[in-house]
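**Q** Just to be clear, the model below is a prediction. Sequence and coordinates:
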Amino acid sequence: MKRYIIKEGSGRPAAKPFTIPYEAALNPAQYDAVTTLEGPLLVIAGAGSGKTRTLTYRVARLVEEGVPPSSILLLTFTRKAAQEMLRRAAGLLDQRCEKVAGGTFHAFANLVLRRYAGQIGFESAFNILDRTDAEDVINLLRTGMGLNLKDRRFPRKRTIATIYSRAANKAVLIEEVIARDYPHFTREIPDLYRLHEAYQRYKRKNLVMDYDDLLLYFRALLEENAELRHQISRTYRYVMVDEYQDTNKIQADIVRLLAAAHSNVMAVGDDSQSIYGFRGANFRNIMDFPVMFPDTKIVKLEENYRSTQPILTVANEIIDRAREKHTKVLYTRKTSGALPVLVAAEDERMQSRFVSQRIMELREEGIPLDEMAVLFRSSYHAFDLEIELNHKGIPFVKVGGFKFMETAHIKDLLAHLKILVNLNDTVSWHRVLCGVEGIGPKTAQDIISAVTKSKAGMKGLSAVKPGARYAQAFERLRSALEDADGNGLPVEEMGERLLEYYMPILKQKYDDYPKRAKDLSQLLTIMDRYENLGHFLSDMALEPPSTSVNDVLSTDDRDEHVVLSTIHSAKGLEWHTVFIIWALEGRFPAMYAARSEEEMEEELRLMYVAATRAKENLYFTYPVNVYDYGLGTVFSRLSRFIDGIPEEILAPWSLVAGED
DNA sequence: CGGGACAACGTTTTT
DNA sequence: CGTTGTCCCG
């Protein structure tokens, strides 16, 4: 096999002039990473150390060296991150950079699997089960197996899905997950295994994959088919992986296999910022990278360009408390700046008021709203603040937590579309049929069997003899589906037909249907951008619109707004001013984290990630009095991650009551 | 068998 | 607080 080795004097035109001034634009470590193009490379990139910049320049460099963009693969945590980097690279160099293949592991796996599904006994028209779909399947199967009889305390569908997914992502046995995290379900292990087998069978038979399957099948494809592995590996001769600390075992395997033909892999990550352990991510992947690729060159980026020294000092103080020692020390040249502040508010209302007032004051001082963010551990922590911001008329977007795509009405409409792509998608059928007045689980099951048996595709619906109670409604469904299914309508039009059908159901089901109807027409606008229904559906599963319903409605991206975000969704981002709310025991760290030391360590890293998002101003706030369901109002305790930080580096503020 | 009404539960982060 | 499970009536 032909090998490409690009070295000084290897036949390439030497001393090629570059249009981009790499050396001037980058610090020595960054420059080193950007110009090391061949062989395994591990970049340990501290928070704010110009990781994105480095990746961006490296893409540009590769392209400028003459590497075809289509042979570069950039794996990132979100598609947005990849697009942003490629857009910037294109800005540095030219449009060619936009042609680089980029996206998430899941999206890339999806892409490859669509093409080679046949190799693993699948068809390429598989549908993707999102988390709730997967739970629905499990629920259906569980009921079918009689595992929900009431004398048992069998885990809920959500728990079951979590157990299966954790086992897959951590590459351990189901019984190990149960022993570790759910010992009280030990006696259900045999049934959980039986159910798991049924679940696997179901997915295969009905041509659906859940998120984990995408990775597992992709890995299997690469592992078992040497020829294909080399073909793919040769196609993507330069692989870059961002956020490597948040990859799991399966993803690490995939990286190894993708690099089989060339070992040109660059992994970028920061062990202090590993926050996806619950998803099977293991920051030790970073340490293992040099083991996986023995000739790995390691570059550390330790100069922070984002934050002032006072902010960095507090951040370092936080991460210093980690049990696991980390690989680098950050420093900055921005030596001056305001001290981070710790604000004790009387209660949640006061906390919200403080944040919103401070936002308005800073706005007065000329800080744009989009340079401010409020971060929190869990989505619901922001509810009260959302009310307050609405009240004061401060525009905001909320990122993370509640999913637009997971609202019932969106899922309903998508289910109708999914069966157009994959008739075997029983859960979607189930959802669609149960929406028909007069059809319940039992009748739905009968109809699905009849359609499947007829083997006539959508026409099989005509073979069903509906009961009198629901005949009329059923006929409406039948004609809508056949209409939408019929000869090559544009994607958006299929949606329109089905929405027309669904609208009366929506009105009947929900009192707030006007709002939901707006969501659905919003969805149609998104559909309009697609030529292929399957693409639309997999995108909705893999890269759904990330913001909440309210925001999807206001499409003015240019409007200035404060960002409210979970810390997980704030990864990689930065703002002039950052508020971290609910910095108290039980919330942050979350109560559940007390279960194990690893989880507590991850909470600590989460706090570190939050703090290092700030460029100039950093506020920690917490309410002193907290309302607890059972106990009424109780005193809170400051988060252990913040408690004990000296006043010289974290200024305590007390709030003075004033008029609102 | 479908569907509505009510009780109970547990409550994170995301592809 | 909203979802999930259960019960009972039509």
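**A** That came through fine.

**Q** mean confidence for stretch A:600-614?
**A** For stretch A:600-614, the mean per-residue pLDDT is 94.

**Q** If you count contacts, what does the host helix or strand of A:M360 end up packed against?
**A** Here A:M360, judged by DSSP states H and E, is contained in helix A:348-364. Applying 3 or more C-beta pairs under 8 Å, 6 or more residues apart in numbering; DSSP states H and E, we find helix A:348-364 packed against strand A:341-345, strand A:372-376, helix A:383-392, strand A:575-580, strand A:614-623. C-beta here means a position set from N, CA and C on the backbone, and glycine is covered the same way.

**Q** Single out the most deeply packed of these.
**A** strand A:372-376 (a mean of 26; mean count of other C-beta atoms under 10 Å).

**Q** tell me which parts of the stretch 551-660 of chain A are close to DNA strand B?
**A** A:566, A:568-569, A:590, A:592, A:629 (C-beta under 7 Å from any atom of the strand).

**Q** Derive a ChimeraX selection command for the buried subset of these.
**A** Only the buried entries of those go into this ChimeraX selection, using 16 or more other C-beta atoms under 10 Å:
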select /A:566,568,569,590
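
**Q** Show me which of the residues of the stretch 551-660 of chain A next to DNA strand B has the smallest pLDDT value.
**A** At the low end of pLDDT for these is A:Y629, which has 61.

**Q** ok, back up a step: where among the helices and strands packed on helix A:348-364 is average confidence lowest?
**A** Among those, helix A:383-392 carries the lowest mean pLDDT, at a mean of 89.

**Q** do that one and DNA strand B meet?
**A** No: figure legend: helix A:383-392 not in contact with DNA strand B (C-beta under 7 Å from any atom of the strand); closest approach 10.9 Å.

**Q** Now for A:A101, how many residues are close by?
**A** 18 (other C-beta atoms under 10 Å).

**Q** okay, it: pLDDT?
**A** For A:A101, the predicted pLDDT is 94.

**Q** didn't it look like it was pressed against A:T76?
**A** No: contact criterion C-beta atoms under 8 Å: A:A101 and A:T76 do not qualify, at 11.3 Å.

**Q** if I pick the residue of the stretch 151-300 of chain A at minimum distance from DNA strand C, what's in contact with it?
**A** Evaluated by C-beta to the nearest atom of the strand, the stretch 151-300 of chain A has A:R156 as its residue closest to DNA strand C, separated by 4.4 Å. Contacts here follow C-beta atoms under 8 Å, 6 or more residues apart in numbering; on that basis A:R156 touches nothing.

**Q** ok, it to A:F536 distance?
**A** Remark: distance between A:R156 and A:F536 (C-beta to C-beta, to the nearest Å) = 31 Å.

**Q** So, low pLDDT: which residues of the stretch 501-650 of chain A?
**A** Residue ranges of the stretch 501-650 of chain A with pLDDT under 70: A:546-558, A:628-633.

**Q** What ranges does it have for its helices?
**A** Taking DSSP state H, counting those that start in this stretch, the helices of the stretch 501-650 of chain A run over residues A:513-527, A:533-542, A:549-553, A:597-611.

**Q** same check, this time on the stretch 101-250 of chain A
**A** A:105-116, A:131-144, A:157-170, A:174-181, A:189-205, A:211-224, A:226-235, A:249-258.

**Q** just the stretch 351-500 of chain A next, same as before
**A** For the stretch 351-500 of chain A, the helices defined by DSSP H, counting those that start in this stretch cover A:383-392, A:408-421, A:426-434, A:441-454, A:471-485, A:491-509.

**Q** pretty sure A:D270 is touching A:D242, no?
**A** No: using C-beta under 8 Å, A:D270 is not in contact with A:D242, being 10.6 Å away.

**Q** Neighbour count for these two, which is higher?
**A** More crowded of A:D270 and A:D242, by other C-beta under 10 Å: A:D270, with 28 against 25.

**Q** Could I get the contacting residues of the more buried one?
**A** A:44-47, A:51, A:245.

**Q** Looking at those residues, which is nearest DNA strand B?
**A** A:Q245 (14.4 Å).

**Q** Do I have it right that the closest one meets A:I286?
**A** Yes: counting by C-beta under 8 Å, A:Q245 touches A:I286, with 5.5 Å between them.

**Q** quick one: low-confidence ranges for chain A?
**A** Residue ranges of chain A with pLDDT under 70: A:1-16, A:148-152, A:326-327, A:401-402, A:546-558, A:628-633, A:657-660.

**Q** So which residue is dead centre in it?
**A** Most central in chain A under C-alpha atoms, centre = their mean is A:T78, positioned 6.4 Å from the mean C-alpha point.

**Q** quick one: furthest residue from the center of chain A?
**A** The C-alpha centroid of chain A is most remote from A:A468, which lies 45.6 Å away (C-alpha atoms, centre = their mean).

**Q** How about the residues of the stretch 1-150 of chain A by DNA strand B?
**A** Going by C-beta under 7 Å from any atom of the strand, the residues of the stretch 1-150 of chain A near DNA strand B are A:77-78, A:104-107, A:130-131.

**Q** quick revisit: now list whatever residues contact both of A:D270 and A:D242.
**A** A:K51.

**Q** Where does chain A get nearest to DNA strand B, which residue?
**A** A:G440 (2.3 Å).

**Q** can you pull the contacts of the closest residue to that residue other than its chain neighbours?
**A** Distance criterion C-beta to C-beta, 6 or more residues apart in numbering; nearest residue to A:G440, sequence neighbours excluded, is A:C434 at 6.5 Å. Listed by C-beta under 8 Å, 6+ apart, the contact partners of A:C434 are A:440-441, A:444.

**Q** and which of these is nearest to DNA strand C?
**A** A:G440 (9.1 Å).

**Q** A:G366: how many residues sit nearby?
**A** 7.

**Q** And for A:N316?
**A** With other C-beta under 10 Å as criterion, A:N316 counts 18.

**Q** Quickly find the element holding it.
**A** helix A:309-319.

**Q** same thing with A:W653?
**A** A:W653 is part of strand A:651-654, with elements assigned from DSSP H and E.

**Q** can you list the residues of the stretch 151-300 of chain A near DNA strand B?
**A** A:159, A:165, A:211-212, A:275-276, A:278-279.

**Q** Can you name the residues of the stretch 401-550 of chain A that neighbour DNA strand B?
**A** Residues of the stretch 401-550 of chain A lying close to DNA strand B by C-beta under 7 Å from any atom of the strand are A:401, A:434, A:437-444, A:542-544, A:546.

**Q** Shouldn't A:K334 be within a strand?
**A** No: applying DSSP: H, G, I helix; E, B strand; the rest coil, one finds A:K334 to be coil, outside a strand.

**Q** which residues does it contact?
**A** Residues in contact with A:K334, defined by C-beta under 8 Å, 6+ apart, are A:307-309.

**Q** Let's see if you can find the most crowded of those residues.
**A** Result: A:S307 is most packed of these (other C-beta under 10 Å), 27 neighbours.

**Q** Look up how far DNA strand C lies from it.
**A** 35 Å (C-beta to the nearest atom of the strand, to the nearest Å).

**Q** Bridged to the residue nearest to A:Q83 when sequence neighbours are not counted, which residues?
**A** In space, A:Q83 comes closest to A:G102 once its chain neighbours are excluded; the distance is 7.0 Å by C-beta to C-beta, 6+ apart. On the basis of DSSP bridges, A:G102 is bridged to A:L74.

**Q** Neighbours of A:G102, how many?
**A** 24.

**Q** ok, the residue lying closest to A:E531 once chain neighbours are set aside - contacts?
**A** Leaving out its chain neighbours, the residue that sits closest to A:E531 by C-beta to C-beta, 6+ apart is A:V491, at 6.6 Å. By C-beta under 8 Å, 6+ apart, the contact list for A:V491 reads A:527-528, A:530-533, A:536.
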